[in-house]
Structures are given as structure tokens and as C-alpha cells.
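1. Predicted coordinates and the sequence they were generated for:
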Amino acid sequence: MTTLLIQTEQIPLTVSFPALERMTTEQFYEFCQANRELRIERASTGEVVIMPPAFSDTGNRNLKISQQVANWAEQDGTGEVFDSSAGFTLPNGATRSPDTSWIRLARWNALTDAQKASFAPICPDFVIELRSASDTLSSLQAKMQEYIENGAILGFLIDRKTVTVHVYRPGRSPEILERPDTVSGDPELPGFVLRMARIW
């Protein structure tokens with residue numbers, strides 16, 4: 001049975017589709033193609049999650065985050081940057097769309113054109129998630145841990161509600177920074193510094 005989880009402002013709503021045991025990758029791709037206006041992810045268990053559009057304020061801050069990563073990446077030249085509209089199929093089968101992500105050029109270029117044109121079968125090396133009003137902290141923490149377990153080398157979870165940044169790295173407990181002015185990507189992303197003034 002395919003389950004549809006619709007996240008609302010208050011609680012997730014679950015809708016079941018008895019006709020389908022579980023969407024195949026092709027069916028999920030077709031579902032997303034038919035519903036381009038929706039923000040859709042899929043958990044490794046097959047659960048389909050439809051998220052509400054980001055509020056305008058959150059979208060503005062997401063852009064400022066992506067802009068900083070893109071500016072650094074253009075100077076660094078070793079990877080590609082993606083915004084929140086890009087979906088990736090992780091090794092565990094989940095399809096996720098981080099708010100901002102970066103992939104090393106060698107890994108990205110190893111994919112075929114067909115793979116790049118779909119939900120690329122790759123976990124980004126670096127991911128950023130910005131907590132919005134409809135996100136629970138626990139769900140984002142689980143998502144960040146999933147990225148790390150599937151190959152990400154660095155992740156930032158930005159929580160504007162508590163003015164903290166949770167920094168994730170493989171083999172370590174998350175480091176929680178309280179009211180930081182900047183967050184460094186060193187040594188994984190040499191020279192990258194996320195300036196927080198316009199994000200808070």
C-alpha cells in the first residue's frame with residue numbers, strides 16, 4: 001500500500017492508496033511530473049511526503065543561503081550547487097530535496113545525462129536545511145542524520161526559532177552553535193563561511 005503523508009501547519013495527514021503496494025521509482029517520478037506544483041519527497045520506507053510551499057520569509061532566507069553557497073562554489077570550482085527544487089535519490093531509496101546542497105564535480109560528472117535529468121541517484125556531499133514554521137525539529141534532525149548515513153560529509157541544520165545551527169559530520173554527534181555570526185565549512189568545504197546576519 002502506498003501511503004501519502006501531507007504535512008500541514010499543525011499535523012501530518014496520511015492518505016493510503018490500497019491499489020498500490022508501493023510506488024516504483026518510475027511511478028514516483030510520474031507522480032511528481034503530474035504534480036509539479038507540489039513539494040514532494042519519499043522516505044526510504046516508501047512513504048510519500050507532500051510538504052506545503054515555503055512561506056515567503058523562509059523562501060527569502062533560503063535564497064540568501066543558496067546565494068552564499070553558490071558564490072563560494074563559483075570561486076572554488078570543485079562542485080555544483082543545487083536549490084530546494086532539486087531532488088536526489090539516496091542510497092537507502094529515499095528521495096530528498098535539501099534546501100541547499102553541493103556535490104563534488106567528480107561525483108556529479110560520473111552520473112549519466114539520464115541520471116542527472118531525473119532524481120539523480122546520489123547523496124549530496126553538503127546539505128543545508130532551514131527550519132520553517134511547518135517543520136518539527138525532530139523530523140529535520142532525522143533527515144540530517146539520514147543524509148550523513150547516506151554519504152554526506154557535512155550538513156547544517158538552521159533553526160531560526162532557537163537561533164541555533166546544528167552542524168553534522170560523519171562519526172560525530174551534532175555540534176550545536178548558539179547565535180553564531182558565521183558558520184565555517186572547513187575543512188570539508190575549504191574557505192566556505194556562511195554569514196548568518198541576513199538569515200536570522
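-> Great, that's in hand. Predicted model, so just to flag it, every value in this text is computed and none were measured.

2. which element is residue 145 on?
-> With elements taken from DSSP states H and E, the one containing residue 145 is helix 137-149.

3. list the helices and strands that helix packs on?
-> Packed against helix 137-149 by the contact rule (3 or more CB pairs under 8 Å, 6 or more residues apart in numbering; DSSP states H and E) you find strand 95-96, strand 126-130, strand 154-159, strand 164-168. For the C-beta atoms, the positions are set from N, CA and C on the backbone; glycine is no exception.

4. Output the ones you listed as TSV; include the columns mean neighbour count and mean pLDDT.
-> Putting the helices and strands packed on helix 137-149 into TSV (neighbours: other CB atoms under 10 Å; pLDDT from 0 to 100) gives the following:
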stretch	mean neighbour count	mean pLDDT
strand 95-96	24	96
strand 126-130	26	98
strand 154-159	23	98
strand 164-168	20	98
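
5. Do me a favour and average the pLDDT over stretch 65-79.
-> Summarised as a single mean, pLDDT over stretch 65-79 is 98.

6. Now that stretch - C-alpha only, PDB.
-> Taking C-alpha atoms only, stretch 65-79 is exported to PDB below (Å, rounded to 0.1, in the frame of the first residue of the first chain):
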ATOM      1  CA  ILE A  65      21.700  30.800   1.900                       C
ATOM      2  CA  SER A  66      21.900  29.300  -1.600                       C
ATOM      3  CA  GLN A  67      23.400  32.500  -2.900                       C
ATOM      4  CA  GLN A  68      26.200  32.300  -0.400                       C
ATOM      5  CA  VAL A  69      26.900  28.700  -1.200                       C
ATOM      6  CA  ALA A  70      26.800  29.400  -5.000                       C
ATOM      7  CA  ASN A  71      29.200  32.400  -4.600                       C
ATOM      8  CA  TRP A  72      31.700  30.200  -2.800                       C
ATOM      9  CA  ALA A  73      31.300  27.300  -5.200                       C
ATOM     10  CA  GLU A  74      31.900  29.500  -8.300                       C
ATOM     11  CA  GLN A  75      35.200  30.700  -6.800                       C
ATOM     12  CA  ASP A  76      36.100  27.200  -5.500                       C
ATOM     13  CA  GLY A  77      35.300  25.500  -8.800                       C
ATOM     14  CA  THR A  78      35.200  21.900  -7.400                       C
ATOM     15  CA  GLY A  79      31.500  21.300  -7.200                       C
END
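
7. How about residues contacting it?
-> Residues outside stretch 65-79 that contact it (CB atoms under 8 Å, 6 or more residues apart in numbering): 80-81, 83-84, 99-100, 102-105, 108, 125-126, 128, 130, 158, 185, 189-195, 199.
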